[in-house]
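> model the structure of this input:
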Amino acid sequence: MQTVTIAFWIVALLVVLALLFDFMNGFHDAANSIATVVSTGVLKPHQAVVWAAFFNFLAIFIFQLKVAATIGKGTVDASVVDHYVIFGALVGAITWNIITWYYGIPSSSSHALIGGLVGATVAKAGFGALVGPGLIKTALFILVSPMLGFLLGALLMLAVSWGFFHSTPRRMDRWFRRLQLISSGLYSLGHGSNDAQKTMGIIWLLLIAAGYTSPADALPPNWVIVSCFVAIALGTLFGGWRIVKTMGQKITKLKPVGGFCAETGGAITLFLASAFGIPVSTTHTITGAIVGVGSAQKVSAVRWGLAGNIVWAWVLTIPASAAVSALAWWVGRHIL
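Numbering: from 1, shown residues only. Below you'll find the model as predicted:
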C-alpha cells in the first residue's frame, strides 16, 4: 500500500490521543471489572481498582494479539486510512464515551471505537472501503457476547445452587467472597486482553499509513503494545464511579455467589473472543452475565426496564459514534 506524508508531530499527537482513548476505556469500563466485587462488599473501591488494574496489565504476558490484527487489518481497507481518518475515529469514540460516562450509561467503548473508525472511513472513501467479513464478525458478536455471558452466568448460578444446596447461606457467603477475588481477577484479565488490543490496532493502522511500520509485519512495535496495556491499566486505576452502581446493583441485587458466577461467565466469554481475534464489548458481556445470574434466581429479580434502556444505548453506540467521527473527520481536514 502507499504511505502518506504525515508530519511527525501529527503522528505523535494522534498516538497520544489514542492512548487517551485507551486510558478512558479503562476509566469508563473499570465499572465492568469492579462493580460486582465492590457491590457485594468483597473489596473496597480503592482495593478493587488496584486489583483490576494489575490484571489488566498482566494480560500482556498471556494473550496473543489477534484482536489488534482484526482492528488494524480486518475492519477497514488500510490503504485508505490516513491521519484524518484516525483523528475522526478517535474523536468520535472519545466524544461518545464522555457522553455515556456523564449520564452513567454502560455503553461500549469498543463499539464506539469501531463505529468511529467506520464513520471516518466512510466519510473519506465510501462504504466500499469497509472490510465486510471483519465487520460482520464484530457485528454478530454484539449479540453473541451478551447472550453467551447470559447463558454462562445462568448455568454457573444453577450449577452452584445445585452443588451447594445443603450449605448454609453463611458458609456459601464465606466461600464465594474468597472465590470472587479469583473471578474478578480473571474478568479483568479478559478486559485487558481484549480492550487494550483495540487501541493497539488503531495506532498500528496509523503507523502503517505513515510508513513507520510495514503492512507485512505480524505485530505492532513493542512500544505500542506496552504503552496500550499501561494506559488501560492506569485508566482502570482511576476508575469511573458513575457506572459502577448501575452495573453492580441497579440491574439486579448481587451476593458474592452471584458476583462470582457473573464474573466467571464474563471472563470465559472474553477469553474465547480474544483467542479468536474478535473485538467484543466487555460492557455487553458482563451485563449479559449479570442478567443471566439474576434470571437464574428469579426472573422478576432483574429490572428489565433498566436492562432495556442499556440495550438501546448499545444499539445507538456504533451509528452515534460513526456520525460524530464523520463530522470530526471533516473538521480534522481543516485543522491538521
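
> residue 85 is in contact with residue 120, correct?
Yes - contact status for residue 120 versus residue 85: in contact at 4.5 Å, counting by CB atoms under 8 Å. In short, each C-beta sits where N, CA and C put it, glycine included.

> more neighbours: which of these two?
The neighbour comparison of residue 120 against residue 85 (other CB atoms under 10 Å) goes to residue 120, with 33 against 29.

> who's in contact with the closest residue to that one other than its chain neighbours?
Leaving aside its sequence neighbours, residue 120 sits nearest to residue 88 (CB to CB, 6 or more residues apart in numbering; 3.2 Å). Residues in contact with residue 88, defined by CB atoms under 8 Å, 6 or more residues apart in numbering, are 116, 119, 120, 123, 325, 326, 327, 328, 329, 330, 332.

> any chance of JSON lines for the residues you listed, columns pLDDT and distance to residue 217?
JSON lines is the format used below for the contacts of residue 88 (pLDDT from 0 to 100; distance: CB to CB, whole Å):
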{"residue": "116", "pLDDT": "94", "distance to residue 217": "24"}
{"residue": "119", "pLDDT": "95", "distance to residue 217": "27"}
{"residue": "120", "pLDDT": "96", "distance to residue 217": "23"}
{"residue": "123", "pLDDT": "95", "distance to residue 217": "27"}
{"residue": "325", "pLDDT": "95", "distance to residue 217": "26"}
{"residue": "326", "pLDDT": "95", "distance to residue 217": "29"}
{"residue": "327", "pLDDT": "95", "distance to residue 217": "32"}
{"residue": "328", "pLDDT": "94", "distance to residue 217": "28"}
{"residue": "329", "pLDDT": "95", "distance to residue 217": "26"}
{"residue": "330", "pLDDT": "95", "distance to residue 217": "31"}
{"residue": "332", "pLDDT": "92", "distance to residue 217": "26"}
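
> from these, which is closest to residue 181?
Nearest to residue 181, judged by CB to CB, of the contacts of residue 88 is residue 116 at 35.2 Å.

> output the helix or strand where that closest one lies as PDB - backbone C-alpha positions only.
Here residue 116 sits within helix 109-125, counting by DSSP states H and E. What follows is helix 109-125, C-alpha atoms only, in PDB (Å, rounded to 0.1, in the frame of the first residue of the first chain):
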ATOM      1  CA  SER A 109     -16.000   1.800  24.400                       C
ATOM      2  CA  SER A 110     -15.100  -1.000  21.900                       C
ATOM      3  CA  HIS A 111     -18.000  -0.400  19.600                       C
ATOM      4  CA  ALA A 112     -17.600   3.400  20.000                       C
ATOM      5  CA  LEU A 113     -14.100   2.900  18.500                       C
ATOM      6  CA  ILE A 114     -15.200   0.600  15.800                       C
ATOM      7  CA  GLY A 115     -18.100   2.900  14.900                       C
ATOM      8  CA  GLY A 116     -15.700   5.900  14.900                       C
ATOM      9  CA  LEU A 117     -13.300   4.100  12.500                       C
ATOM     10  CA  VAL A 118     -16.200   3.100  10.200                       C
ATOM     11  CA  GLY A 119     -17.700   6.600  10.200                       C
ATOM     12  CA  ALA A 120     -14.400   8.300   9.400                       C
ATOM     13  CA  THR A 121     -13.500   5.800   6.700                       C
ATOM     14  CA  VAL A 122     -16.900   6.000   5.000                       C
ATOM     15  CA  ALA A 123     -16.700   9.800   5.200                       C
ATOM     16  CA  LYS A 124     -13.500   9.700   3.300                       C
ATOM     17  CA  ALA A 125     -13.900   6.800   0.800                       C
END
